[in-house]
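Participant: Give me the fold of what follows.
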Amino acid sequence: QVQLQESGPGLVKPSQTLSLTCTVSGGSITTNSYYWSWIRQPPGKGLEWIGYIAYSGWTYSSPSLYSRTSISRDTSKNQFTLQLSAVTPEDTAVYYCARVDGLGPPDYWGQGTQVTVSS
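Facilitator: Below you'll find the predicted structure:
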């Protein structure tokens, strides 16, 4: 059973960098065909896909967030990380990490972590 767990600060000040880590257990992040994703849900809005890091290490980010997003991984710890720079209150959301198998929807999700951007 694959499990994902997000961790990171719940409060970030405007203009700073949001940094979250997803720890994966029950499966390797280097296993072929899996894409390890970050998704968020602002209050009162739908899910927004942020980006992913593939099993190969290749990354891709949403065009709307590309200039502020960095996704990396630590294979020795089986973790992947999201950094979102220059945050504003509009980045306040519940942030999820998830696994995507090929071209399908996410099949495993973390429980989500609330991040609030406020001074």
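Participant: Beta-bridge partners for the residue nearest to the spatial centre of the chain, please?
Facilitator: In the chain, the centroid-proximal residue (C-alpha atoms, centre = their mean) is residue 38; its distance is 2.6 Å. According to DSSP bridges, the residues that bridge with residue 38 are residue 51, residue 97.
Participant: Kindly report the same for residue 69.
Facilitator: residue 84.
Participant: Please report the number of neighbouring residues for it.
Facilitator: 19 (other C-beta atoms under 10 Å). All C-beta spots, glycine's among them, are computed from the backbone N, C-alpha and C.
Participant: For it, which residues are in contact?
Facilitator: 50-51, 61-62, 82-85 (C-beta atoms under 8 Å, 6 or more residues apart in numbering).
Participant: For the nearest residue to residue 89 once chain neighbours are set aside, give me phi and psi.
Facilitator: In space, and not counting its chain neighbours, residue 89 is closest to residue 117: 5.0 Å by C-beta to C-beta, 6 or more residues apart in numbering. Residue 117 adopts backbone torsions of phi -100, psi 110, taken as degrees, to the nearest 10.
Participant: Equivalent analysis for residue 3, please.
Facilitator: The phi/psi pair for residue 3 (degrees, to the nearest 10) is phi -130, psi 140.
Participant: Am I right that it is in contact with residue 108?
Facilitator: Yes - contact criterion C-beta atoms under 8 Å: residue 3 and residue 108 qualify, at 7.4 Å.
Participant: Which one of the two is surrounded by more residues?
Facilitator: For residue 3 versus residue 108, the count of surrounding residues by other C-beta under 10 Å is larger for residue 108: 18 against 13.
Participant: Neighbouring strands of the helix or strand containing that one in the sheet, and parallel or not?
Facilitator: When elements are assigned from DSSP states H and E, residue 108 belongs to strand 106-109. Paired strands of strand 106-109, with direction, are strand 93-101 (antiparallel) (DSSP bridges).
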